[in-house]
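[1] got a sequence here, can you build the structure:
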Amino acid sequence: MRSGYRRAVSMPSRAEVLVVGAGLAGLSAATRLADAGLDVHVLEAGGHAGGRLATERIDGFLVDRGFQVFNTGYPRAADLDLPDLRLGWFERGAVLRVDGRAHRVVDPRRRPSAVPATATAPLGSLREKAALVAFSLRAGYTPVGRLLGAPEQSAEQALRAAGIGEAALELFLRPFLAGVLLEEELATSSRYVDLLWRSFVRGSTGLPAEGMQAIGEQLAARLPAGRVHLHTPARAVSPGTVRTDGGTWSADAVVVATDPATATGLLPAVEAAAPRQVTTHLHVLPGSPWSTPLIVLGRPGSPVVNSAVVSDAQPRYSPDGRALVASSTLVPTREEELRAEIAALHGVAPSDLEHLTSVTVQGAQPAALPPLQLRRPVALGDGLYVCGDHRDTPSIQGAMASGARAARAVLRALRPAGSADVQGAMASGARAARAVLRALRPAGSADVQGADVQGADVQGAG
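    Coordinates of the predicted model:
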């Protein structure tokens with residue numbers, strides 16, 4: 001365990017602020033409050049920091065709880081020490097497999113040599129391909145306020161209205177977005193999809209050297225020693241108190257930073273969004289069938305929405321150079337029923353795939369159906385606060401942004417005289433972090449700064 005971790009206490013305790021939940025939202029709130037000089041303790045029901053970002057080691061392989069990636073296009077990426085995460089990168093783009101042939105669709109800004117292959121991919125007519133490019137440019141470079149001012153509809157309705165053809169929709173956008181939104185109907189709000197696509201246009205996606213859980217561990221390690229209490233579920237929350245199995249804590253402010261269902265159980269005033277689920281099957285291949293780290297998209301009608309050799313992007317996920325393959329479905333599925341389809345996507349024989357494990361995440365993220373309500377209230381009154389991706393957008397960005405908003409709300413209540421100075425210091429720190437981000441990923445991260453400046457409040461950037 002890193003410094004900052006501590007197991008459950010066995011007697012009642014006191015803190016200025018209690019944060020219930022050590023996911024990214026809770027840790028984002030806690031680190032800001034601790035930096036402002038408040039005595040903050042975090043109560044976590046599970047055995048690790050990071051919440052839904054969890055990683056375990058199986059037969060030497062690093063296995064995340066579901067296929068997840070970190071996107072530098074999120075403004076709140078600036079809050080993290082990216083060099084410390086030692087990210088390995090996916091290439092911008094994806095592979096489509098049509099009639100047995102693999103077609104690469106790659107961002108030409110990063111790989112100009114891929115323009116001919118991308119231009120000839122089976123994504124419809126030239127006009128329909130131009131519509132896909134126009135959609136990407138609009139989402140990537142239109143000011144956020146104008147994006148959110150567009151009429152809201154479902155993602156599919158918006159894509160069709162933008163002139164996206166059937167081939168581009170079914171072979172590329174539907175499976176790509178389904179792997180992120182965790183729903184294939186594309187019923188998600190068009191406004192959220194605009195923000196999401198913006199992050200892909202502007203940022204890069206990667207995996208930490210120690211797995212996705214390392215993101216939460218990095219935040220937890222910023223807290224003073226003994227402030228994160230693992231295996232300490234909150235049984236009841238009321239103004240000024242949190243009851244646990246070890247006793248009752250008292251505090252001036254309580255921040256509930258759990259999944260939506262748990263938050264509703266503790267605070268009935270919080271509405272729980274419908275959860276999305278995902279099942280990920282992990283396989284091992286003797287070697288990677290690909291020359292570049294790209295996500296392979298599922299074929300129309302297949303239960304597999306995407307599959308990726310994650311060890312191509314982050315070699316440290318494999319202990320011995322073999323390839324680790326993660327394949328996702330949106331319904332619980334049996335591995336043996338999908339092995340042939342996964343093998344076909346990668347152009348290998350089913351017998352080459354060695355099943356490592358399968359993971360189903362029931363509450364992987366909340367839905368974001370229209371009408372989308374960004375920046376839901378985090379201050380509930382009587383010293384009670386709530387944060388999580390269900391208060392902003394269902395993403396790492398939404399979780400961290402809501403935690404930042406909750407911290408500001410607590411500071412306004414508990415430190416009204418100095419909260420402006422503290423928040424100014426936070427902004428200065430964020431600017432310094434963005435400078436590091438630009439140095440690390442110069443091609444895309446300068447745009448990230450622009451995204452933060454143009455749409456910080458709207459995107460929930462904090």
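
[2] excluding its backbone neighbours, what's nearest Ala49?
    Ala220 (3.8 Å; Cβ to Cβ, 6 or more residues apart in numbering). C-beta coordinates here come from the backbone N, C-alpha and C atoms, glycine included.

[3] you'd agree the one you found is up against Leu53?
    No - contact criterion Cβ atoms under 8 Å: Ala220 and Leu53 do not qualify, at 11.3 Å.

[4] and the residue nearest to Ala49, its phi and psi?
    In terms of degrees, to the nearest 10, the main-chain angles of Ala220 are phi -60, psi -40.

[5] repeat that for Val305.
    Torsion angles, degrees, to the nearest 10, at Val305: phi -90, psi -30.

[6] quick one: contacts for it?
    Taking Cβ atoms under 8 Å, 6 or more residues apart in numbering, we find Val305 in contact with 175, 178-179, 184, 297-298, 328-330.

[7] relative to Phe200, how far out is it?
    Here Val305 is placed at a distance of 16 Å from Phe200 (Cβ to Cβ, to the nearest Å).

[8] next one: Asp99
    In terms of Cβ to Cβ, Asp99 sits 27 Å off from Phe200.

[9] more neighbours: which of these two?
    Neighbour comparison, Asp99 and Phe200: the larger count goes to Phe200, with 21 against 7 (by other Cβ atoms under 10 Å).

[10] what helix or strand is the more buried one located in?
    helix 190-202 (DSSP states H and E).

[11] what do you get for Gln277?
    Residue-wise, Gln277 maps onto strand 275-285 under DSSP H and E.

[12] starting at the chain centroid, how far to stretch 228-244?
    Relative to its chain's centre, stretch 228-244 lies at 26 Å (Cα atoms, centre = their mean, to the nearest Å).

[13] that stretch: end-to-end distance?
    14 Å (Cα to Cα, to the nearest Å).

[14] please apply the same query to stretch 232-245.
    End to end - Cα to Cα - stretch 232-245 spans 7 Å.

[15] which residue is the nearest non-sequential neighbour of Gly51?
    Gly23 (2.4 Å).

[16] same check, this time on Leu266
    Val237 (4.4 Å).

[17] and for Leu182?
    With Cβ to Cβ, 6+ apart, the residue lying closest to Leu182 is Arg276, at 3.6 Å.

[18] mind pulling the model confidence for the one you found?
    Confidence at Arg276, expressed as pLDDT, is 95.

[19] please apply the same query to Arg109.
    Looking at Arg109, its pLDDT is 85.

[20] tell me how far it lies from Leu137.
    11 Å.

[21] Val386 now?
    Going from Val386 to Leu137 by Cβ to Cβ gives 37 Å.

[22] with Pro350 instead?
    Relative to Leu137, and taking Cβ to Cβ, Pro350 is found at 41 Å.

[23] compare these two (neighbour count), which wins?
    In terms of neighbours (other Cβ under 10 Å), Pro350 is the more surrounded of Pro350 and Leu137; the figures are 14 against 11.

[24] just give me the neighbour total for the closest residue to that one other than its chain neighbours.
    Using Cβ to Cβ, 6+ apart and skipping the chain neighbours, the partner closest in space to Pro350 is Ala343 (4.3 Å). Neighbour count for Ala343, taken as other Cβ under 10 Å: 20.

[25] who touches Ala343 in this structure?
    Shown in contact with Ala343 (Cβ under 8 Å, 6+ apart): 349-350, 352-353.

[26] the residue nearest to Ala379 when sequence neighbours are not counted - how many residues pack around it?
    Nearest residue to Ala379, sequence neighbours excluded (Cβ to Cβ, 6+ apart): Ala409, at 4.4 Å. Counted by other Cβ under 10 Å, the residues lying close to Ala409 total 20.

[27] same for the host helix or strand of Ala409, what does it pack against?
    Assigned by DSSP H and E, Ala409 falls within helix 396-414. Here helix 396-414 touches strand 14-20, helix 24-35, strand 70-71, strand 247-256, strand 379-381, strand 384-386, helix 419-440, going by 3 or more Cβ pairs under 8 Å, 6 or more residues apart in numbering; DSSP states H and E.

[28] tilt between it and strand 247-256?
    110 degrees (axes from the mean of the first three to the mean of the last three Cα atoms, to 10 degrees).

[29] I'd assumed Ser395 was in contact with Asp389.
    Yes - using Cβ under 8 Å, Asp389 is in contact with Ser395, at 6.1 Å.

[30] which residues are in contact with each of those two?
    What both Asp389 and Ser395 touch, as defined by Cβ under 8 Å, 6+ apart, is the set Gln365.

[31] out of those two, which sits in the more crowded spot?
    Using other Cβ under 10 Å as the criterion, Asp389 and Ser395 rank with Asp389 on top: 28 against 22.

[32] what's in contact with the helix or strand Ser311 falls within?
    Secondary structure assignment for Ser311, by DSSP H and E: helix 310-313. Here helix 310-313 makes contact (Cβ under 8 Å, 6+ apart) with 67, 88-90, 206-207, 288, 290, 292-294, 317-318, 322-326.

[33] go again with 6 Å.
    The contact list for helix 310-313 (Cβ atoms under 6 Å, 6 or more residues apart in numbering) reads 88-90, 207, 288, 293, 317-318, 323-324, 326.

[34] C-alpha coordinates for it, CSV please?
    C-alpha atoms of helix 310-313 as CSV (Å, rounded to 0.1, in the frame of the first residue of the first chain):
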residue,chain,number,x,y,z
VAL,A,310,-3.9,-4.3,-24.6
SER,A,311,-0.3,-5.4,-24.2
ASP,A,312,0.5,-3.8,-27.6
ALA,A,313,-0.3,-0.4,-26.0
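
[35] that older thread, measure how far the strand holding Gln277 is from the centre of its chain, please.
    How far strand 275-285 lies from its chain's middle: 16 Å, per Cα atoms, centre = their mean.

[36] which strand residues bridge the closest residue to Thr357 other than its chain neighbours?
    Sequence neighbours aside, Leu282 is the residue nearest to Thr357 in space, at 5.1 Å (criterion: Cβ to Cβ, 6+ apart). Leu282 has these beta-bridge partners by DSSP bridges: Ala326, Thr357.

[37] for the residue nearest to Ala114 when sequence neighbours are not counted, what are its contacts?
    Once flanking residues are discounted, Ala114 sits nearest to Val106: 3.9 Å by Cβ to Cβ, 6+ apart. Applying Cβ under 6 Å, 6+ apart to Val106 gives the contacts 93, 114, 118.

[38] how close does the last one sit to Leu62?
    Remark: distance between Thr118 and Leu62 (Cβ to Cβ) = 31 Å.

[39] many thanks, have a good one.
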